[in-house]
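**Student:** below is the sequence, then the predicted model.
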Amino acid sequence: MRIKLFVYDFDGVMTNNKVIVDQRGNESVIVNRGDGLAISIIKRMNIPQLILSTEANSVVLKRAKKLNINCINGVKDKKEKLKEYCIQNDINFKDVLYIGNDINDLDIMKMVGHPYCPSDAHESIKCISKRIMFSKGGDGVIRELLDLITKQKGD
């Protein structure tokens, strides 16, 4: 498997797709530390990673900053934004692995070479995914991905 870019949706992939809202309207999410460790290991493999999210909340940017990976959030059209990113970085779509979970990921997942999804993804996403992970969103999807790619490499 030849991958030149890992792209992650945020809500429903890095989170369980739920949000906590306090009395002032502040939103919080729960993320998996195993995913954070996996992202740091993938970085050492020199494979670029990107969070691409329609969510405009700053929690997405803060998580990306902590993980020290690129993030584009508040995106209306993920497919067009990824096309721009790949052109700017000379990456062929067939070399992109995208993990998404819901219908706003459908078009982009049809475009990339390696569409993956969590086990609790929407049925329309499962139908087009090359791999349905065992993990649910927020339960170590990226950690499972790392285990999968290291196993394939024989590490």
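**Tutor:** On my side now, so go ahead.

**Student:** make it CA atoms for all contacts and neighbour counts henceforth
**Tutor:** Fine.

**Student:** secondary structure element holding the closest residue in space to M14 that isn't next to it in sequence?
**Tutor:** Of all residues not flanking M14 in the chain, G138 sits nearest, at 4.8 Å (CA to CA, 6 or more residues apart in numbering). If you go by DSSP states H and E, G138 is not part of any helix or strand.

**Student:** could you tell me the end-to-end distance of stretch 27-39?
**Tutor:** Using CA to CA, to the nearest Å, the end-to-end distance of stretch 27-39 comes out at 24 Å.

**Student:** what does stretch 121-134 give?
**Tutor:** 11 Å.

**Student:** could you check how many residues crowd around the residue nearest to M14?
**Tutor:** Around G138 sit 24 other residues, with neighbours defined as other CA atoms under 10 Å.

**Student:** same deal with R2?
**Tutor:** For R2, using other CA under 10 Å, the count is 10.

**Student:** contacts only, for it.
**Tutor:** Neighbouring residues of R2 by CA atoms under 8 Å, 6 or more residues apart in numbering: D95.

**Student:** where's it relative to L97, distance?
**Tutor:** Counting by CA to CA - R2 and L97 are separated by 9 Å.

**Student:** list residues touching both of these two?
**Tutor:** Going by CA under 8 Å, 6+ apart, no residue sits against R2 while also sitting against L97.

**Student:** sec struct for the residue of the chain most remote from its centre, please.
**Tutor:** Going by CA atoms, centre = their mean, the residue of the chain most distant from its centre is Q23, 29.6 Å out. Secondary structure, DSSP: H, G, I helix; E, B strand; the rest coil: Q23 is coil.

**Student:** sweet, I'm off.
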